[in-house]
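**Q** I would like the atomic coordinates for the input below:
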Amino acid sequence: MRIEVGEVENIRGGWVRIKLGGSSACGECKLCGNRGDEKILEIPDPGNLEVGDRVKLSVPEGRVAAFSLLSFGLPLVFLLVGAALGFSFFKQEGLQVLSALGMFIIGVFIAMGISRSKWKKTVSRVKILEVAKR
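**A** From the prediction side, this is the model:
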């Protein structure tokens, strides 16, 4: 588990939006809604937080590789399968390319759907260790 410190930015619709203070372990995976130097994490509302509170969080590690593989690998596999199918069934290059592109788009949507459900499970494992009221 990685420890992060942040400030409650917004509470809305059962979700708490926390602006994280950056971690040396943080990369560019975009799992936490990276906005330049600002990192935003949305977690389910535990009910005891207010806007402006400083929080210390325990964030699960080891999911970054799985999310990256899913996000990039699955569409790539679909692209290659689409290219192979297009090459097998069509003689025109344009149709082969459309086949590959169509399968790639399908792979992206499948990866997005799976990623969202896995992401919800991951953020539900974020634990609030300390709360400093404003």
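**Q** residue boundaries of the strands in the chain?
**A** 2-12, 15-20, 34-35, 38-44, 54-59, 127-132 (DSSP state E).
**Q** ranking those by mean pLDDT, which is last?
**A** If the strands of the chain are sorted by mean pLDDT, strand 34-35 sits at the bottom with a mean of 48.
**Q** how close does the residue of the chain most remote from its centre get to A83?
**A** Largest separation from the mean C-alpha position in the chain: K91, at 38.8 Å (Cα atoms, centre = their mean). Going from K91 to A83 by Cβ to Cβ, to the nearest Å gives 14 Å. No exception for glycine: its C-beta is placed from N, CA and C like everyone else's.
**Q** circling back to that earlier point, can you redo the strands of the chain as a markdown table with mean neighbour count?
**A** Putting the strands of the chain into a markdown table (neighbours: other Cβ atoms under 10 Å) gives the following:
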| stretch | mean neighbour count |
| --- | --- |
| strand 2-12 | 16 |
| strand 15-20 | 20 |
| strand 34-35 | 14 |
| strand 38-44 | 17 |
| strand 54-59 | 18 |
| strand 127-132 | 13 |
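**Q** So which of the ones you listed is nearest L95?
**A** strand 34-35 (38.5 Å; Cβ to Cβ).
**Q** hang on, the earlier thing: which stretch among the strands of the chain comes nearest R116?
**A** strand 38-44 (12.3 Å).
**Q** How far away from the center of its chain is the closest one?
**A** 11 Å (Cα atoms, centre = their mean, to the nearest Å).
**Q** Then stretch 81-100?
**A** That offset, for stretch 81-100, works out to 31 Å (Cα atoms, centre = their mean).
**Q** Could you list the alpha-carbon positions for that stretch in PDB?
**A** Presented in PDB, the C-alpha positions along stretch 81-100 are these (Å, rounded to 0.1, in the frame of the first residue of the first chain):
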ATOM      1  CA  VAL A  81      -7.200 -10.000 -34.800                       C
ATOM      2  CA  GLY A  82      -9.100  -7.500 -37.000                       C
ATOM      3  CA  ALA A  83      -6.200  -7.200 -39.300                       C
ATOM      4  CA  ALA A  84      -5.900 -11.000 -39.600                       C
ATOM      5  CA  LEU A  85      -9.600 -11.400 -40.300                       C
ATOM      6  CA  GLY A  86      -9.600  -8.600 -42.800                       C
ATOM      7  CA  PHE A  87      -6.600 -10.100 -44.600                       C
ATOM      8  CA  SER A  88      -8.400 -13.500 -44.700                       C
ATOM      9  CA  PHE A  89     -11.800 -12.300 -45.900                       C
ATOM     10  CA  PHE A  90     -11.100  -9.200 -48.000                       C
ATOM     11  CA  LYS A  91      -8.900  -8.600 -51.000                       C
ATOM     12  CA  GLN A  92      -9.200  -4.800 -51.000                       C
ATOM     13  CA  GLU A  93      -6.800  -3.100 -48.600                       C
ATOM     14  CA  GLY A  94      -9.400  -0.500 -47.600                       C
ATOM     15  CA  LEU A  95     -11.700  -3.200 -46.300                       C
ATOM     16  CA  GLN A  96      -8.800  -4.900 -44.500                       C
ATOM     17  CA  VAL A  97      -7.900  -1.600 -42.700                       C
ATOM     18  CA  LEU A  98     -11.600  -1.000 -41.800                       C
ATOM     19  CA  SER A  99     -11.800  -4.500 -40.400                       C
ATOM     20  CA  ALA A 100      -8.700  -3.900 -38.200                       C
END
